[in-house]
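> What follows is a predicted structure for the sequence shown.
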Amino acid sequence: MSLYRYPFFSIIVPVYNTEKYIEKAIYSLISQTFQMIEIIIIDDNSSDNTSNICDLLASKYPFIKVIHLQKNKGVSNARNIGIEIAKGEYISFLDADDYVDKDFYEKIYWCLKNNKYDVLMVGVKEEYFDQKGSIKNNNIIDVKNGIYGSYDIYDIMPMYFRNTLFRYVCNKCYKREYLYKIKVKFKNIKMGEDVDFNIDVFKDIETFVTLEKCYYHYVKSNTNSATAKFIENYWNIHIELLNKEINLFKIWGKQKETEEFICNEYIKAVYISLQLTYYKEALMDNKKRMIFLNGIYNSQLYKKLQVSMNCITEKKYYLLAKILQSQNSYMILFITYIIFLLKSKFIGIWFVLKQK
């Protein structure tokens, strides 16, 4: 139990209908070897037993605070509320289906104790589960120990964009005063809110530290993929984020180093957006898909990236890029329809193929 009035870490945990795994997540925090923490659970109007579980945990541990929202407004709103009431010197986030090692915050504390960096980042262990709940595979994305000033950050960040570590918020600790100073908020968007938040955070950052290993366990399953279900405005959201990333790289002077990354992200956005048009909620037919593709071909971003796609080295993206460059709309629609069938009807096969 924490005996400290003012915690060093405020850990924000948004929850919504997470009764199956919320206890594992919270107990991974309760059992920390470092106890100068407060746990802020934001219950986003859950309709299952999540609320009761959280209240019971809070009744046992005084460093747990539960906020029950009257309306479900999404993870961005929940995190923003947590930031507003946090008292710790540093703010971190835990997703309700993830967990951390018991010495996670102790390792981070000794790194931050005497040096008040704006942001700290650690590695992530992605754990892939099958439909029965058994671990089928894991992927470790590690970092090396490093301390960086503003100009150094520009040199290393392209690497963390490419290996996806930049995209998470849960593998980072943010100095509360810094977040308040830059007045950053999570935007209420369907997906990509972590990337958007981090772009705003790192745009004017002055000090940044990376800590080797210290893994955050990011739990993934073959049924929780965002692209295994319909998402409204997926294309618009991703293109807006991509343009924001392009502008950030321009500010940093790192357009050349990030050229392949940008092209890969653009190609993914195109093919996933088309795949989503086969869901009935999209209200799309082939005629409308053709119009969508023609809009892509005539867009300024496509024209800008068309030649750059030749720099792609990864085979799957290279092939998809060549088809996109050829503007063979029938072939593109055929490929995206196959992807749709695998993700919606044969998710197990898709999961196996994705891991290879």
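Good, I have the coordinates. Numbers count the residues shown, from 1 in each chain.

> any idea how far the residue nearest the centre of the chain lies from Arg289?
Nearest residue to the geometric centre of the chain (C-alpha atoms, centre = their mean): Tyr168, 4.0 Å. Per C-beta to C-beta, to the nearest Å, Tyr168 is found 33 Å from Arg289. The C-beta positions use only the backbone N, C-alpha and C, and glycine is treated the same way.

> Please apply the same query to Ile189.
As judged by C-beta to C-beta, Ile189 and Arg289 stand 24 Å apart.

> Looking at the two now, which is surrounded by more residues?
Using other C-beta atoms under 10 Å as the criterion, Ile189 and Arg289 rank with Arg289 on top: 19 against 16.

> these two touch, right, the more buried one and Leu333?
Yes: counting by C-beta atoms under 8 Å, Leu333 is a contact partner of Arg289 at 5.8 Å.

> joint contacts of those two?
Counting by C-beta atoms under 8 Å, 6 or more residues apart in numbering, the residues touching both Arg289 and Leu333 are Leu274.

> Regarding Ile148, what is its secondary structure?
That one is not Ile; residue 148 is Tyr. Counting by DSSP: H, G, I helix; E, B strand; the rest coil, the backbone at Tyr148 sits in strand.

> And the pLDDT at the residue nearest to it when sequence neighbours are not counted?
Excluding the flanking residues, the one nearest Tyr148 by C-beta to C-beta, 6 or more residues apart in numbering is Phe208, at 4.6 Å. Predicted confidence (pLDDT) at Phe208: the value is 95.

> what pairs with the helix or strand hosting Phe208, and is each one parallel or antiparallel?
Phe208 is part of strand 207-221, with elements assigned from DSSP states H and E. The pairing partners recorded for strand 207-221 under DSSP bridges are strand 99-100 (antiparallel), strand 119-129 (parallel), strand 146-149 (antiparallel).

> Can you name the element that comes right after it?
The helix or strand immediately downstream of strand 207-221 is helix 234-252, counting by DSSP H and E.

> May I see the buried residues of the helix or strand following that next one?
The first helix or strand that comes after helix 234-252 along the chain, using DSSP H and E, is helix 259-276. Neighbour-count burial for helix 259-276, counted by 16 or more other C-beta atoms under 10 Å, picks out 259-267, 269-276.

> Convert the C-alpha atoms of the helix or strand hosting Ile335 to CSV, please.
Assigned by DSSP H and E, Ile335 belongs to helix 329-345. Taking C-alpha atoms only, helix 329-345 is exported to CSV below (Å, rounded to 0.1, in the frame of the first residue of the first chain):
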residue,chain,number,x,y,z
SER,A,329,-8.6,-1.0,-60.4
TYR,A,330,-10.0,-4.5,-61.0
MET,A,331,-6.9,-6.2,-59.6
ILE,A,332,-6.9,-3.9,-56.6
LEU,A,333,-10.6,-4.6,-55.9
PHE,A,334,-10.0,-8.4,-56.3
ILE,A,335,-7.1,-8.3,-53.7
THR,A,336,-9.1,-6.2,-51.2
TYR,A,337,-12.1,-8.5,-51.5
ILE,A,338,-9.9,-11.5,-50.7
ILE,A,339,-8.5,-9.7,-47.7
PHE,A,340,-12.1,-8.9,-46.6
LEU,A,341,-13.1,-12.6,-46.9
LEU,A,342,-10.2,-13.7,-44.8
LYS,A,343,-10.6,-11.2,-42.1
SER,A,344,-14.4,-11.5,-41.8
LYS,A,345,-15.0,-15.2,-42.6
